[in-house]
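> any chance you can model this:
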Amino acid sequence: MMNKMEELAREVTGDSVMLEQGAGFGEVDRVSLHALQVRLLAAEMGLLEGDGNAWRRVDALERRLRVLTDRRRFSTT
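The predicted structure is shown next:
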């Protein structure tokens, strides 16, 4: 359990978020997240209102679109 939160820098660029925090001894930890990853984390933590099933449906539709896109790409070559 953390007793305090260190300074956390953030930069939002397009559809990504870069988080940066000092790790001590002059080191810096960085992580880059896509906006959908941030939304998914917020939903899992109960910070968003809405139905969790909706996200599962979005994931399923995204997978289907990838398959269809791949099929189309391979069928035209």
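
> hey, which helix or strand in this protein has the poorest pLDDT?
Least confident helix or strand, the chain: helix 52-75 with a mean of 82, by mean pLDDT, DSSP states H and E.

> list the contacts of that helix.
Leu40, Ala43 (Cβ atoms under 8 Å, 6 or more residues apart in numbering). Every residue, glycine included, has its C-beta placed from N, CA and C.

> switch the cut-off to 6 Å
Ala43 (Cβ atoms under 6 Å, 6 or more residues apart in numbering).

> strand partners of the helix or strand hosting Val31, parallel vs antiparallel please.
In this structure, Val31 sits in strand 27-34 according to DSSP states H and E. Using DSSP bridges, strand 27-34 pairs in its sheet with strand 16-24 (antiparallel).

> residues in contact with the strand it pairs with?
For strand 16-24, using Cβ under 6 Å, 6+ apart, the contacting residues are 6, 8-11, 28-34, 38.

> buried only: go through those residues for me.
Buried positions within the contacts of strand 16-24, assessed by neighbour count (16 or more other Cβ atoms under 10 Å), are Leu33.

> now for the contacts of strand 16-24: which two are most distant?
Spatially, the most separated pair among these is Glu6 and His34, at 23.8 Å (Cβ to Cβ).
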